[in-house]
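Asks: when you get a sec, could you give me coordinates for this:
(chains A and B)
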Amino acid sequence: AQSVTQLGSHVSVSEGALVLLRCNYSSSVPPYLFWYVQYPNQGLQLLLKYTSAATLVKGINGFEAEFKKSETSFHLTKPSAHMSDAAEYFCAVSYSSASKIIFGSGTRLSIRP
Amino acid sequence: GAGVSQSPSNKVTEKGKDVELRCDPISGHTALYWYRQSLGQGLEFLIYFQGNSAPDKSGLPSDRFSAERTGGSVSTLTIQRTQQEDSAVYLCASSFEGLAVESTQYFGPGTRLTVL
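Replies: Numbering: from 1, shown residues only, chains lettered A, B, ... in the order given. Below is the predicted model:
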């Protein structure tokens, strides 16, 4: 079955530290991969999207993710965390340009002052 | 331009009642999706519309759930005889189906449904 696994339901980092949120997918063909962010009491916002154009994808708010086919991974990183980055982050996958998105279970990111 | 809108933002109902949730997609978006976000199940797909037809309704949890889309625009998700396990945030998303880079799903703010 198609799936996405996010390692760590909760990640806590200090302000200014590196943010690394892990995501692995199961697929026999290159999928479309996404990271969405959900701030408290808000809807889902697309951070970035991989569509095979480039393996390193830059998104909004300084986030980026690297597609590694050999590792079936799509980890999200940000060099320096801000307090405003505190939110729930969802890795997701779809298998065509127009199909349902399958979401991971989410990772809650907390930022320590 | 306007994003995806959903109404109502909050709905409290009694067990056994029917509810209707509405989604207004971004103008010009041909595809529309319904998802559900709950504590126990996370984010799960319900149904996908292309125009007014639903080629994928595999995520609807039971026959109490139905959805329709009219005029290639507004969609309504109906839950009949609501149960407490239906309590969740129902999210709608829309996209323009063309080049892959443009087929990004944009999400609405959701409708929080509470079944007492």
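
Asks: okay, which residue is most central for chain B?
Replies: Chain B has residue B:34 as the residue nearest its centroid, 3.0 Å off, counting by CA atoms, centre = their mean.

Asks: separation between residue B:87 and residue B:46?
Replies: Here residue B:87 is placed at a distance of 15 Å from residue B:46 (CB to CB, to the nearest Å). Yep, even glycine has a C-beta here, placed from its N, CA and C like the rest.

Asks: pick out whichever of the two has more residues nearby.
Replies: It is residue B:46, of residue B:87 and residue B:46, that has more neighbours when counted by other CB atoms under 10 Å in any protein chain shown, with 21 against 16.

Asks: helix/strand/coil for the more buried one?
Replies: strand (DSSP: H, G, I helix; E, B strand; the rest coil).

Asks: just checking, it touches residue B:67?
Replies: Yes. Using CB atoms under 8 Å, residue B:46 is in contact with residue B:67, at 7.4 Å.

Asks: so for these two, which residues contact both of them?
Replies: Shared contacts of residue B:46 and residue B:67, defined by CB atoms under 8 Å, 6 or more residues apart in numbering or on different chains, comprise B:34, B:57, B:60, B:77.

Asks: quick one: buried residues of stretch B:41-53?
Replies: Neighbour counts over stretch B:41-53 (16 or more other CB atoms under 10 Å in any protein chain shown) mark B:43, B:45-49 as buried.

Asks: do the same with stretch A:79-91
Replies: Neighbour counts over stretch A:79-91 (16+ other CB under 10 Å) mark A:81, A:85-91 as buried.

Asks: nearest to chain B, of these?
Replies: Nearest to chain B among these, counting by CB to the nearest CB, is residue A:90 at 6.5 Å.

Asks: for chain A, what are the nearby residues on chain B?
Replies: With CB under 8 Å from any CB of the partner chain as the criterion, chain B meets chain A at residues B:31, B:33, B:35, B:42-45, B:48, B:50, B:56, B:59, B:91, B:93, B:95, B:97, B:99-101, B:103-110.

Asks: center of chain A - which residue?
Replies: Centre-nearest of chain A using CA atoms, centre = their mean is residue A:35, 3.5 Å out.

Asks: go ahead and confirm it touches residue A:45.
Replies: No. With contact defined as CB under 8 Å, residue A:35 does not reach residue A:45; the gap is 9.9 Å.

Asks: re earlier: reformat the buried residues of stretch A:79-91 as a markdown table; add pLDDT.
Replies: Below are the buried residues of stretch A:79-91 laid out as a markdown table (pLDDT from 0 to 100):
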| residue | pLDDT |
| --- | --- |
| A:81 | 97 |
| A:85 | 96 |
| A:86 | 96 |
| A:87 | 96 |
| A:88 | 95 |
| A:89 | 97 |
| A:90 | 96 |
| A:91 | 95 |
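
Asks: just those residues that are near chain B?
Replies: residue A:90.

Asks: for chain A, just list every one of the strands.
Replies: With strands called from DSSP state E, chain A shows them at A:3-7, A:10-14, A:19-26, A:32-38, A:44-50, A:56-58, A:64-68, A:73-78, A:87-94, A:102-103, A:107-112.

Asks: out of those strands, nearest to residue B:25?
Replies: Residue B:25 sits nearest to strand A:44-50 of all the strands of chain A, at 14.7 Å, using CB to CB.
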